[in-house]
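Novice: need a 3D model of the following:
(2 chains)
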2 protein chains.
Amino acid sequence: MDRFWNVELNKYNSKENAKYETIFTLANGYRGLRGKNNFSKIGEKGNFIAGIFDQNTAQVTELVNCQDPLVLNFYVDNELIDIDKCEILDFNRKLNMYEGVLYSSYKLKLDSNRIVQIDCERFVSRKNVHRWAEKYTLRPVNFKSKMFIENIIDGTVVNSCNDPINLTKHFNVIDKLDLKPGLALLTKTIDKGIYIVESTRIYADDLFKTRKFIELGEKVREVYEFFVEEGEEYTIYKYGCTYTSKDTKEDIVSVCKSELKDFQTIGYDKEKEQHLQEWKKLWNSMDIRIKGDDIAQVGIRFNMFQLASCAYEKDYTVSIGAKGLHGEGYKGHVFWDTEIFMIPFFTYTNPEIAKALLMYRYNTLCGARKNASLNGFKGSQFPWESADDGTEVTPKWGVDYDGNPVRIWTGDEEYHINADIAFAIWEYFRATKDEEFLINYGSEIVLDTAKFWNSRLEYNQKYDRYEINKVIGPDEFHEHVNNNVYTNYLAKWNMNKAIEISRWLKEKDFVKFKNLC
Amino acid sequence: MDRFWNVELNKYNSKENAKYETIFTLANGYRGLRGKNNFSKIGEKGNFIAGIFDQNTAQVTELVNCQDPLVLNFYVDNELIDIDKCEILDFNRKLNMYEGVLYSSYKLKLDSNRIVQIDCERFVSRKNVHRWAEKYTLRPVNFKSKMFIENIIDGTVVNSCNDPINLTKHFNVIDKLDLKPGLALLTKTIDKGIYIVESTRIYADDLFKTRKFIELGEKVREVYEFFVEEGEEYTIYKYGCTYTSKDTKEDIVSVCKSELKDFQTIGYDKEKEQHLQEWKKLWNSMDIRIKGDDIAQVGIRFNMFQLASCAYEKDYTVSIGAKGLHGEGYKGHVFWDTEIFMIPFFTYTNPEIAKALLMYRYNTLCGARKNASLNGFKGSQFPWESADDGTEVTPKWGVDYDGNPVRIWTGDEEYHINADIAFAIWEYFRATKDEEFLINYGSEIVLDTAKFWNSRLEYNQKYDRYEINKVIGPDEFHEHVNNNVYTNYLAKWNMNKAIEISRWLKEKDFVKFKNLC
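Specialist: Coordinates of the predicted model:
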């Protein structure tokens, strides 16, 4: 194994916390946990579960920033270990992309002159996507003391926390559970009533002396008292499990509690080993070597790591948003980028992921048909920005750099998304020869988008030709464009391909053909 | 008026925020609002209403840190004005004790190089104790921009926020109201179910363009958008009203809403004028001049200002805690200090306050009788630490500087409080000749504490005398002391005074005499 697997940060600057939280995000396609600094309150919390969208008072539906299970605070006596309030003697955060593990290391001198060394590992399991864990190694360098560890699940999380006008909260806290030991916080999204449960517990052999549980409004919290000796090393594990009512019809609190128990029984090391094996398989399928350019080598791996982190081949109802599961940018919405830039990568490395991403479009056809119908067209019109159900969720208004309102036309005019999806289907089929997919799912999309284009065409009597006017092409800085070459070319391709596929379908599956054509 | 009326701070250091919050607290006996820095998140919130106690998971019942109505954030575009994240060009906070007004002035340079000057006044009305207000004067020094102002009532407040093991929350959020404009947050204490409503609204002539209300878990929030021009000055008022179910039998939300409306109708300036008149009256009754020592002059006024801030002559169910209404120290509990050190001051300056403080003891006699009975004594045994009902609330255990548990004996042994209260009653009567008080209230306390002492005495056969052993005197660093001179002397005085008063009562009010003696 060569050495270009790490993204590393050696200098702490709280003003850059939000940026590095994104870079150090760990995700497994099912969910993403932003790489928040363990001992800082500065930054933007982020716990995103693929497919959990909500609007409430926001301008459009957006990926919900769920309750935060990551909070773990250490106190020496009553002195909180807070990196922003103490002297940093040593600092290192390192994302090992080969392993999918985030390593953080802190040597901090508190106001009381006590020096503490804390090393932390975190992974979001690729093997069992509902699981994540942390391992803390704590060493009091120059003191012996009583300490406290405070484990919290924080239900006060909002979306757009730094945006005064768009800030909103997408869930209510429904139940606060003491798992004795461990915590669970059950929430429910505002619009669709999706239940989300986060549960955590911490464990440290015989270290902990007393435990106190308390409900604090929208938070649950357990605090443990323990005693440490100078120079000794103490290991503390934190286990986390997550379920939503999208995952199962069973009682998700019971499911989550039981999985959390199993997780701790298996233990941190075994789960981590399975997680590493999964990442090893992924890298075997996709790694690209660049010789002679070390930065490019790390860079290309960073790109692949993020793509693989956002993909989950087992869920056919979600796709990859423009900002992945890493932050709130673009509201978690899915754009043409997935079909044009991401799916080719997966088609040739992990075709089952490519298929899952295309199945998301199939499963949102109902919304796409509504869009077409609302706009006076036939067939299916896929949304320029897509969330959970395929209806158009592009905001109608934004603001420019001076804060002036600006009408956003992409949701009205950027039609090429329809041909992009059809094109991705064909490219997937070309590479995989997955006839089952094309017969049962892909052909319906290609035919329905062709029907859309057919109804979208405008006949120009003067030139005796069909045109597509008032569109936005891939160059989004030009609006209301007539006959954009990319749009026209792919629309024509889409319609031709529909004819070709309908003939092919007639041969392969006459019943399907009769239904669709 | 001379110039020694101000307590001033010219240099900002976030590590000292908690200290200056206490110094800059404004209180009117009904309630105290800690002097939290307007634009900092660092510090300890504090909204204390006299007499609102709760235990929940805390070691003993404590003064509740209620929901925080003070939060008011300014944004330039989306950039929060946060003193801890920008360059401080000018900073001044000044408590004018003559006025009972806190003046704060900030000139801040944001990360975006925009310079903003904000001056703020705050007062907690001495005239109408349920009211408080702020006036902000905002000047964009070098920019024109869109801005946002965010008004919040924060129901996430806890007690002991920096104490990992004792941290607790004393209320649940019951209702979140949009007053269009304005906000209200109704809460209810855990143990006794006391309702507390905080309401606020902000006003700025024609400045505000749009308003958005949102519920955020345990918070209510309204945000206003407005536009500012370089060099112009903008004035924004914030009005606040507070009621609890201790204050009235009526619906406190309606009462509070209606008073908030009246308050704004009267306006900031008129209310402030009435407030100043009340403080003027107080100073006329109590000011002490020290010539030739300027620091002592400010110091003595600071002491009197705090005493007067904590006293409210109209509420006979509350007294002054060791830390006033200024913080959570000593859990808001009342000690002998009130009778021995504070009441003499009020007896000679504002006897109606002295009477109210003594009436608190009368109204907690029931708890004092319970204490005596529980400990096997007769009469009334006042608690060493007293909260809302006169039962003993001294914690049984504390921790020493090394974090080791220490048994606290004061609640068991510091009996002299009983004679201290009797002594204060007599001193008050001696100065005021308030016979109505002594007949109807004071004599009962003196007689009942005498009965307590009588049952507490131990007969020493060897010396043929009565003794009081195993006590703590005013010197609290010695425990289990025998025949402490202060205790013994005042116990004897208490019993003699009971005999004297009973004879006097027989003359003055034979029915009362028959009932008590």
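Novice: what about the closest residue to chain B within the stretch 251-400 of chain A, how many residues close to it?
Specialist: Proximity to chain B, evaluated over the stretch 251-400 of chain A using C-beta to the nearest C-beta, is greatest for A:V399 at 8.6 Å. Quick note: C-beta positions are derived from backbone N, CA and C, even for glycine. A:V399 has 13 neighbouring residues, counting by other C-beta atoms under 10 Å in any protein chain shown.
Novice: show me what contacts the residue nearest the centre of chain A?
Specialist: For chain A, A:L325 is the residue whose C-alpha lies nearest the centre (C-alpha atoms, centre = their mean; 1.7 Å). Contacts for A:L325 (C-beta atoms under 8 Å, 6 or more residues apart in numbering or on different chains) come out as A:25, A:27, A:29, A:31-32, A:48, A:50, A:63, A:309-310.
Novice: what does A:C517 give?
Specialist: Counting by C-beta under 8 Å, 6+ apart, A:C517 touches A:447, A:502, A:505-506.
Novice: the same query, at a cut-off of 6 Å, please.
Specialist: Residues in contact with A:C517 (C-beta atoms under 6 Å, 6 or more residues apart in numbering or on different chains) are A:S502.
Novice: which helix or strand contains the spatially closest residue to A:T391 that is not a sequence neighbour?
Specialist: Distances taken as C-beta to C-beta, 6 or more residues apart in numbering or on different chains place A:G367 nearest to A:T391, at 4.1 Å, with adjacent residues excluded. Assigned by DSSP states H and E, A:G367 belongs to helix A:365-374.
Novice: how far away from the center of its chain is that helix?
Specialist: Centroid displacement of helix A:365-374 relative to its chain, using C-alpha atoms, centre = their mean, to the nearest Å, is 26 Å.
Novice: which positions in stretch A:5-24 come out as buried?
Specialist: Within stretch A:5-24, the residues that count as buried by 16 or more other C-beta atoms under 10 Å in any protein chain shown are A:5, A:7, A:9, A:12, A:17-18, A:20-24.
Novice: right, and out of those residues, which lies closest to B:R361?
Specialist: Set against B:R361, the nearest of those by C-beta to C-beta is A:N17 (53.4 Å).
Novice: tell me who's in contact with that closest one.
Specialist: A:37, A:42-43.
Novice: please dump these into JSON lines; it should also carry secondary structure and distance to chain B for every row.
Specialist: Listed next are these as JSON lines, based on DSSP: H, G, I helix; E, B strand; the rest coil; distance: C-beta to the nearest C-beta, whole Å:
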{"residue": "A:N37", "secondary structure": "coil", "distance to chain B": "16"}
{"residue": "A:I42", "secondary structure": "coil", "distance to chain B": "9"}
{"residue": "A:G43", "secondary structure": "coil", "distance to chain B": "13"}
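Novice: give me the buried subset of those residues.
Specialist: For these, a neighbour count by 16+ other C-beta under 10 Å gives the buried set as A:37, A:42-43.
Novice: export those residues to JSON lines and tack on distance to B:N128 and pLDDT?
Specialist: As requested, the buried ones among the contacts of A:N17 are exported to JSON lines (distance: C-beta to C-beta, whole Å; pLDDT from 0 to 100):
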{"residue": "A:N37", "distance to B:N128": "47", "pLDDT": "91"}
{"residue": "A:I42", "distance to B:N128": "40", "pLDDT": "93"}
{"residue": "A:G43", "distance to B:N128": "43", "pLDDT": "93"}
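Novice: contact partners for the residue nearest to A:V141 when sequence neighbours are not counted?
Specialist: Take A:V141 and drop its neighbours on the chain: the residue closest to it by C-beta to C-beta, 6+ apart is A:I115, 4.0 Å away. By C-beta under 6 Å, 6+ apart, A:I115 lies in contact with A:109, A:141-142.
Novice: switch to 10 Å and redo it
Specialist: Shown in contact with A:I115 (C-beta atoms under 10 Å, 6 or more residues apart in numbering or on different chains): A:86-87, A:89-90, A:107-109, A:139-143, A:230.
Novice: state the distance from it to A:V76.
Specialist: Per C-beta to C-beta, to the nearest Å, A:I115 is found 10 Å from A:V76.
Novice: between these two, which contacts overlap?
Specialist: Common neighbours of A:I115 and A:V76, counting by C-beta under 10 Å, 6+ apart, are A:140, A:143.
Novice: and the nearest residue to A:G46 once chain neighbours are set aside, what does it touch?
Specialist: Leaving aside its sequence neighbours, A:G46 sits nearest to A:R34 (C-beta to C-beta, 6+ apart; 3.2 Å). Neighbouring residues of A:R34 by C-beta under 10 Å, 6+ apart: A:18, A:20-27, A:43-48, A:65, A:68, A:70, A:325-328.
Novice: quick one: which of these sit in helices?
Specialist: The members of the contacts of A:R34 that map onto helices under DSSP state H are A:18, A:20-23.
Novice: three-state assignment of the nearest residue to A:T410 once chain neighbours are set aside?
Specialist: Nearest residue to A:T410 in three dimensions, chain neighbours excluded: A:W384, at 4.9 Å (C-beta to C-beta, 6+ apart). Under DSSP: H, G, I helix; E, B strand; the rest coil, the three-state class of A:W384 is coil.
Novice: show the pLDDT at A:W384.
Specialist: For A:W384, the pLDDT comes out at 98.
Novice: for burial, what's the neighbour tally of it?
Specialist: Using other C-beta under 10 Å, A:W384 is surrounded by 26 other residues.
Novice: same question for A:L72.
Specialist: Neighbours around A:L72, by other C-beta under 10 Å: 18.
Novice: now do A:V406
Specialist: Counted by other C-beta under 10 Å, the residues lying close to A:V406 total 11.
Novice: for A:V141, same thing?
Specialist: 14.
Novice: could you do A:Q381 as well?
Specialist: Per other C-beta under 10 Å, the neighbour tally for A:Q381 reads 28.
Novice: quick one: it and A:E413 touch, right?
Specialist: No - look at A:Q381 against A:E413 with C-beta atoms under 10 Å: they stay out of range, at 11.7 Å.
Novice: got phi/psi on whichever residue of the stretch 151-300 of chain A sits closest to chain B?
Specialist: The nearest approach of the stretch 151-300 of chain A to chain B comes at A:P164, 3.9 Å away (C-beta to the nearest C-beta). Backbone geometry at A:P164, expressed as degrees, to the nearest 10, gives phi -60, psi -30.
Novice: skipping adjacent residues, who's closest to it in space?
Specialist: Excluding the flanking residues, the one nearest A:P164 by C-beta to C-beta, 6+ apart is B:F148, at 3.9 Å.
Novice: and stretch A:220-240, how far apart are its ends?
Specialist: Length of stretch A:220-240, first residue to last, C-alpha to C-alpha, to the nearest Å: 14 Å.
Novice: should've said stretch A:220-236
Specialist: 20 Å.
Novice: do stretch A:28-38 as well
Specialist: Start-to-end, stretch A:28-38 (C-alpha to C-alpha) is 20 Å.
Novice: and if you look at stretch A:176-184?
Specialist: With C-alpha to C-alpha as the measure, stretch A:176-184 spans 6 Å from end to end.
Novice: in it, which residues are buried?
Specialist: If you call a residue buried by 16+ other C-beta under 10 Å, then stretch A:176-184 has these buried ones: A:176-177, A:179, A:181-184.
Novice: now for those residues: which two are most distant?
Specialist: By the measure C-beta to C-beta, A:K176 and A:P181 form the most distant pair in these, at 14.9 Å.
Novice: quick one on the thing from earlier: quick one, phi psi at the residue nearest to A:T410?
Specialist: Phi and psi for A:W384, reported as degrees, to the nearest 10, are phi -60, psi -40.
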